[in-house]
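# would you be able to build a 3D model of this:
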Amino acid sequence: MSRKIRILVAKPGLDGHDRGAKVVARALADAGYEVVYTGLHQTPDMIAAAALQEAVDAVGLSIMSGAHMTLFPAVIDALRARGAGDICVFGGGIIPKDDLAKLHELGVAKIFTPGASTQEIVDWVEAVLRPRLDAA
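Modelled structure (predicted):
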């Protein structure tokens with residue numbers, strides 16, 4: 001039997017809108033994943049440190065502030081600086097279509113834009129994360 005996937009859900013930066021992050025965290029937990037929610041106002045270093053401490057397989061970021069082009073790369077850099085560049089980073093929020101390809105190039109595995117369902121996120125975890133873990 002496959003082990004449980006561990007996912008850290010975080011709200012980087014000064015954005016105070018965490019309802020969506022909480023909904024996603026709850027949906028992932030309800031789908032059987034181990035979920036750690038860090039709460040509001042996390043720095044990239046705090047998120048990376050928590051990811052290592054909690055031994056997660058993925059980090060999901062919720063960014064509604066418009067700072068996605070800064071915060072996603074900062075979290076990825078902080079993970080790499082700790083030797084954890086293999087942790088999958090995904091996220092969602094208010095992110096313009098024009099930025100999606102660039103974020104992917106920077107190492108973000110998937111962006112869920114407004115209107116994405118929690119089932120779509122769970123399906124992505126099963127289609128993308130599960131095979132990575134089973135192969136490891």
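# centre-most residue in this protein?
In the chain, the residue lying closest to the centroid (C-alpha atoms, centre = their mean) is Gly60, at 1.2 Å.
# can you confirm it is in a strand?
Yes. Residue assignment for Gly60, taken from DSSP: H, G, I helix; E, B strand; the rest coil, places it within a strand.
# do you know how far it is from Phe72?
To Phe72, Gly60 is 11 Å away according to C-beta to C-beta, to the nearest Å. (Glycine included, C-beta is placed from N, CA and C.)
# residue contacts, Ser48?
Actually, residue 48 is Ala rather than Ser. Val75, Ala78, Leu79, Ala81, Arg82, Ala84 (C-beta atoms under 8 Å, 6 or more residues apart in numbering).
# and it, how far from Leu28?
Ala48 is 20 Å from Leu28, by C-beta to C-beta.
# just Leu106 next, same as before
23 Å.
# before we move on, back to that, any quick PyMOL command for the buried ones out of the contacts of Ala48?
Buried subset of the contacts of Ala48, written as a PyMOL selection, criterion 16 or more other C-beta atoms under 10 Å:
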select buried, resi 75+78+79+84
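# contacts for the longest helix along the chain?
Criterion DSSP state H: the longest helix present in the chain is helix 68-81. For helix 68-81, contacts defined as C-beta under 8 Å, 6+ apart pick out 10, 12-13, 44-45, 47-48, 51, 59, 61, 63, 65, 85, 87, 89, 91, 93, 95, 99, 102-103, 106-108.
# was I right to think Arg82 contacts Leu52?
Yes. Using C-beta atoms under 8 Å, Arg82 is in contact with Leu52, at 5.7 Å.
# which residue ranges form the helices in this structure?
Going by DSSP H, the chain shows helices at 19-30, 44-53, 68-81, 97-105, 118-124, 130-135.
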